[in-house]
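Novice: Got a sequence here, can you build the structure:
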Amino acid sequence: MDTDQAHPDTRPVITHLNEIEQAFIDRLRRRERVVRNVNELDAERMTVGQRVADGVAATMGSWRFIIIQSVVLLGWITLNVIGWIEHWDPYPFILLNLALSFQAAYSAPIIMMSQNRQSAKDRLQADHDYEVNLKAEIEIEELHKKLDALRELQWAELIELQERQLRLLDQLCQPQQEAG
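Specialist: Here you go, the predicted structure:
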């Protein structure tokens, strides 16, 4: 028997699922855990180039780099202005400008690569959060169903107990009515 004929609403719902939802449903069917460490997943997927880009971005985005670069620039300018050593780059410091332009030409794209990878990691985290939320929602719905079933069972037991009490009360009242 075709499952589409048995459950006509199942097929349209499944065809409209996105990749994340379909992968989530597949993991649920296989009874796999939904919770994963996104940092480990990201680390497994990183290429050497991505690791280098992250290292460069982390280094260039630190106070240590800014302080060291400031000291080097100040030393460069001071040595060329005072002239302790022969002026290898006199004012307006064209060689220094060339070096800084060279640094900027390479650092900007490398930092952008790192930012792109970080945004991909953020998307992975958002997808993971969505899956966890979806799983929690399903679990909460299941708990509500179980609580509703338990409440119905207790309600039925309560009604049965009340009916028994009424029968016992009737039995107790009958001898008094026959005697009176």
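
Novice: rest of the way, CA atoms for contacts and neighbours
Specialist: Will do.

Novice: Show me the protein divided up by domain.
Specialist: Recorded structural domains for the chain (assignment: automatic domain parsing) are 1-32, 37-155.

Novice: Which one of those domains lies nearest to Q165?
Specialist: Ranking those by proximity to Q165 (CA to CA) places domain 37-155 first, at 15.1 Å.

Novice: now the end-to-end length of that closest one.
Specialist: One end of domain 37-155 sits 44 Å from the other (CA to CA, to the nearest Å).

Novice: Just the CA trace of stretch 71-83, in PDB.
Specialist: In PDB, the C-alpha atoms belonging to stretch 71-83 read as follows (Å, rounded to 0.1, in the frame of the first residue of the first chain):
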ATOM      1  CA  VAL A  71      56.200  51.400  18.200                       C
ATOM      2  CA  VAL A  72      57.700  50.300  14.800                       C
ATOM      3  CA  LEU A  73      56.100  53.300  13.000                       C
ATOM      4  CA  LEU A  74      57.200  55.700  15.600                       C
ATOM      5  CA  GLY A  75      60.700  54.300  15.500                       C
ATOM      6  CA  TRP A  76      60.800  54.500  11.700                       C
ATOM      7  CA  ILE A  77      59.700  58.100  11.700                       C
ATOM      8  CA  THR A  78      62.000  59.100  14.500                       C
ATOM      9  CA  LEU A  79      65.000  57.500  13.000                       C
ATOM     10  CA  ASN A  80      64.300  59.200   9.600                       C
ATOM     11  CA  VAL A  81      63.600  62.600  11.100                       C
ATOM     12  CA  ILE A  82      66.600  62.700  13.600                       C
ATOM     13  CA  GLY A  83      68.900  60.900  11.200                       C
END
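
Novice: hang on, the earlier thing: CSV please, covering the domains of the chain and showing mean neighbour count.
Specialist: Converted to CSV, the domains of the chain look like this (neighbours: other CA atoms under 10 Å):
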stretch, mean neighbour count
domain 1-32, 11
domain 37-155, 13
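
Novice: and Q177, which of those domains is closest to it?
Specialist: Nearest of the domains of the chain (CA to CA): domain 37-155, 32.2 Å.

Novice: tell me the mean pLDDT over that closest one?
Specialist: Here domain 37-155 scores 91 as its mean pLDDT.

Novice: residue closest to the middle of the chain?
Specialist: Note on the chain: the residue nearest the mean C-alpha position is Q125, at 2.7 Å, using CA atoms, centre = their mean.

Novice: any idea how far A136 is from that one?
Specialist: Q125 is 16 Å from A136, where distance means CA to CA.

Novice: Same check on I66?
Specialist: Distance, I66 to A136, using CA to CA: 45 Å.

Novice: re the thing from before, grab the nearest non-local neighbour of the residue nearest to the centre of the chain.
Specialist: Nearest residue to Q125 in three dimensions, chain neighbours excluded: V38, at 6.1 Å (CA to CA, 6 or more residues apart in numbering).
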